[in-house]
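Undergrad: sharing a model that was predicted from the sequence below.
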Amino acid sequence: MANVVVVGAQWGDEGKGKIVDWLSERADVIARFQGGHNAGHTLVIDGEVFKLSLLPSGIVRKGKMAVIGNGVVLDPWALFTEIDKLAAQGVAISPENLMIAENAPLILPLHQDLDRLREEAAGASKIGTTGRGIGPAYEDKVGRRAIRVADLGDEETLDARLDRLLAHHDPLRKGLGAEPIDRAELRAKLLEIAPKLLAYAQPVWKVLNDDRRAGKRILFEGAQGSLLDIDFGTYPYVTSSTTMSGMASTGTGLGPSSIGFVLGIVKAYTTRVGSGPFPTELDDADGQRLGERGHEFGTVTGRKRRCGWFDAVLVRQTCAISGVNGIALTKLDVLDGFDTLKICVGYEIDGKKYDHLPTAAALQAKVTPIYEEMEGWHESTQGARSWAQLPAAAIKYVRRIEELIQCPVALLSTSPERDDTILVTDPFAD
Ligand code: GDP
Ligand code: IMO
Ligand code: MG
């Protein structure tokens, strides 16, 4: 079974976009299955930079089918802005190479309002969301009051959906000191964009099942990261979707038996954007250096990412939960030039040792990482395209990570550029 799921194994921004773009050469279909335009995926192809948020990273290659599955929350206006931006870079997008699940719920301006109002009201305890309306849109989905893509095809249905939605949002807004929704304006906006969006709408579950039967290779592109997962992440400082591999099935409509390989994307150190616990966070010169060398600024919001040492405890945990078969280790080059590197191999909380991150927030707040020190390297690994080009100390670092997380390296990335990638095991191989 040659279908592959890519998931971020840390707090997002592991380099999923680069790896999905590289792997998409071997795939026929590339499908997003969760999240929305809170994602920011940067690809560098022969020096040209492409930034994607909602569109699957495979869209930049000709002859591939890109899919936005039902597990995604879709902002139709953001979608067409992104399509136009890519068109200006020479990437033609039409229903020929993009399809959207009919049952995908929409993100509306009212979701962005609510996201912002809640964050403002939370003050110091804010989550630090991307402000894209992701959480409120998922709330409406599970609250059974979302407007979904297919609802735009019939005015009567749309009216009923709007009534139900506004009956919830207007009182909520009132409580937060905001004006009620201008129903006529929202309705008009939706009807205006409806034909454009519906041109892409498909029963994705059916198309993907047909594709599978026809032997096509499907690549599932996860967004965010495992530690931002709604169940297994550092709750409540998480995103509002399931970011683990299991979501690839329910977020597209292709059963788990069709998934052959789960590839976890792992940065050679750790970063996080937004609030929440981060055991190996550094606020010293080493953290500064990681941020500068790794250009750790968010693609979506431009926020500075928090940086820290590699945390093997967390990655072992997330690889287990997603059933990761192999990892793509990225940004190894960022570690060039350190005299010593540290890897977190366990935690100590109130004098007790832990081999996993406990769920209780009170315990998470008291974690002291247990570090193992490793020798760094002064040679450059940047742009290396084979193991032979890597210094012995770098290979030792990679091997130690494999051992600690109990998962082999399938791919290694040594620069933002597409082809600066070392293949160890082909995730698509049968
Ligand atoms: P994503 O959200 O997981 O797709 O990751 P982002 O694109 O938000 O962040 C990863 C950043 O690191 C991007 O700017 C990539 O171009 C860059 N990147 C990816 N792989 C490597 C690598 O191996 N080395 C370096 N130096 N940069 C990389
Ligand atoms: P990619 O796909 C890193 C974080 C936000 C915030 C929390 C909740 O580029 O890896 P949300 O807007 O989703 O409600 O914000 O999740 N976050 C990400 N952090 N990479 C991402 O995506 C993220 N998407 C959301 O910073 O802490
Ligand atoms: Mg990102």
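TA: Good, I have the coordinates. Ligands and ions are numbered 1, 2, ... in the order given.
Undergrad: which residues of the stretch 1-150 of the chain fall in strands?
TA: Taking DSSP state E, counting those that start in this stretch to define them, one finds strands in the stretch 1-150 of the chain at 4-8, 29-32, 41-45, 48-52, 65-68, 98-101.
Undergrad: format the ones you listed as a markdown table; extra columns: mean neighbour count and distance to ligand 2.
TA: Using the backbone N, CA and C atoms, a C-beta is placed for each residue, glycine as well. Listed next are those as a markdown table, based on neighbours: other C-beta atoms under 10 Å; distance: least, C-beta to the nearest ligand atom, whole Å:
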| stretch | mean neighbour count | distance to ligand 2 |
| --- | --- | --- |
| strand 4-8 | 28 | 5 |
| strand 29-32 | 28 | 10 |
| strand 41-45 | 20 | 6 |
| strand 48-52 | 17 | 9 |
| strand 65-68 | 25 | 14 |
| strand 98-101 | 24 | 18 |
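Undergrad: ligand 1 is nearest to which of those?
TA: Nearest to ligand 1, of all the strands of the stretch 1-150 of the chain, is strand 41-45, at 3.5 Å by C-beta to the nearest ligand atom.
Undergrad: any bit of the closest one sitting next to ligand 3?
TA: No: judged by C-beta under 5 Å from the ion, strand 41-45 makes no contact with ligand 3; its nearest approach is 5.6 Å.
Undergrad: can you say which of the strands of the stretch 1-150 of the chain is nearest to residue 291?
TA: Nearest to residue 291 among these is strand 41-45 (15.8 Å), distances taken as C-beta to C-beta.
Undergrad: check contacts around the closest residue to ligand 3 within the stretch 51-200 of the chain.
TA: Closest to ligand 3 within the stretch 51-200 of the chain is residue 53: 8.8 Å, counting by C-beta to the ion. Counting by C-beta atoms under 8 Å, 6 or more residues apart in numbering, residue 53 touches 36-41, 78, 82, 299-300.
Undergrad: ligand 3 contacts on the stretch 201-350 of the chain?
TA: residue 299.
Undergrad: how about low-confidence regions in the stretch 201-350 of the chain?
TA: By pLDDT under 70, the stretch 201-350 of the chain contains no weakly predicted segment.
Undergrad: what segments of it are helices?
TA: Secondary structure of the stretch 201-350 of the chain by DSSP state H, counting those that start in this stretch: the helices cover 204-213, 247-250, 285-293, 312-322.
Undergrad: ligand 1: which of those is closest?
TA: Closest among the helices of the stretch 201-350 of the chain, using C-beta to the nearest ligand atom: helix 285-293, at 7.5 Å.
Undergrad: so what pairs up with residue 306 in the strands?
TA: Note on residue 306: beta-bridge partners by DSSP bridges are residue 272.
Undergrad: what residues sit buried inside the longest helix along the chain?
TA: Longest helix in the chain by number of residues (criterion: DSSP state H): helix 155-175. Under the neighbour-count criterion of 16 or more other C-beta atoms under 10 Å, helix 155-175 has 158, 161-162, 164-166, 169-170, 173 buried.
Undergrad: ends of stretch 88-97, what's the gap?
TA: One end of stretch 88-97 sits 17 Å from the other (C-alpha to C-alpha, to the nearest Å).
Undergrad: try stretch 382-396
TA: With C-alpha to C-alpha as the measure, stretch 382-396 spans 17 Å from end to end.
Undergrad: thinking again about what came up before, need the helices of the stretch 201-350 of the chain in a markdown table with mean neighbour count and distance to residue 389, can you?
TA: Converted to a markdown table, these look like this (neighbours: other C-beta atoms under 10 Å; distance: least, C-beta to C-beta, whole Å):
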| stretch | mean neighbour count | distance to residue 389 |
| --- | --- | --- |
| helix 204-213 | 17 | 37 |
| helix 247-250 | 22 | 33 |
| helix 285-293 | 16 | 19 |
| helix 312-322 | 22 | 25 |
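Undergrad: what's the neighbour count on residue 335?
TA: 22 (other C-beta atoms under 10 Å).
Undergrad: now it. Nearest residue, chain neighbours left out?
TA: Computed as C-beta to C-beta, 6 or more residues apart in numbering, the closest residue to residue 335 that is not its neighbour in sequence is residue 268, at 5.6 Å.
Undergrad: tell me the residues of the stretch 201-350 of the chain that contact ligand 2?
TA: Residues of the stretch 201-350 of the chain lying near ligand 2 by C-beta under 6 Å from any ligand atom: 223-225, 228, 239-240, 273-274.
Undergrad: can you do 8 Å?
TA: 222-225, 228, 237-241, 272-276, 298-301, 303, 305 (C-beta under 8 Å from any ligand atom).
Undergrad: the helices in the stretch 1-150 of the chain, which residues?
TA: Under DSSP H, counting those that start in this stretch, the stretch 1-150 of the chain gives helices at 16-23, 76-88, 109-122, 134-142.
Undergrad: quick one: low-confidence parts of the stretch 1-150 of the chain?
TA: 1.
Undergrad: tell me the secondary structure for the nearest residue to residue 425 once chain neighbours are set aside?
TA: Leaving aside its sequence neighbours, residue 425 sits nearest to residue 410 (C-beta to C-beta, 6+ apart; 4.2 Å). Under DSSP: H, G, I helix; E, B strand; the rest coil, residue 410 falls in the strand class.
Undergrad: how about residue 373?
TA: Taking three-state DSSP as the rule, one finds residue 373 in the strand state.
Undergrad: could you find the closest non-adjacent residue to it?
TA: Once flanking residues are discounted, residue 373 sits nearest to residue 340: 5.2 Å by C-beta to C-beta, 6+ apart.
Undergrad: rewinding a little: most packed of the helices of the stretch 1-150 of the chain?
TA: Most buried of these by mean neighbour count (mean count of other C-beta atoms under 10 Å) is helix 16-23; its value is a mean of 26.
Undergrad: do it and ligand 3 meet?
TA: No: remark: helix 16-23 sits outside contact range of ligand 3, by C-beta under 5 Å from the ion, the gap being at least 6.8 Å.
Undergrad: taking strand 41-45 as reference, get the angle to that helix.
TA: Interaxial angle, helix 16-23 versus strand 41-45 (axes from the mean of the first three to the mean of the last three C-alpha atoms, to 10 degrees): 40 degrees.
Undergrad: off-centre distance for helix 16-23?
TA: The chain centroid and the centroid of helix 16-23 are separated by 12 Å under C-alpha atoms, centre = their mean, to the nearest Å.
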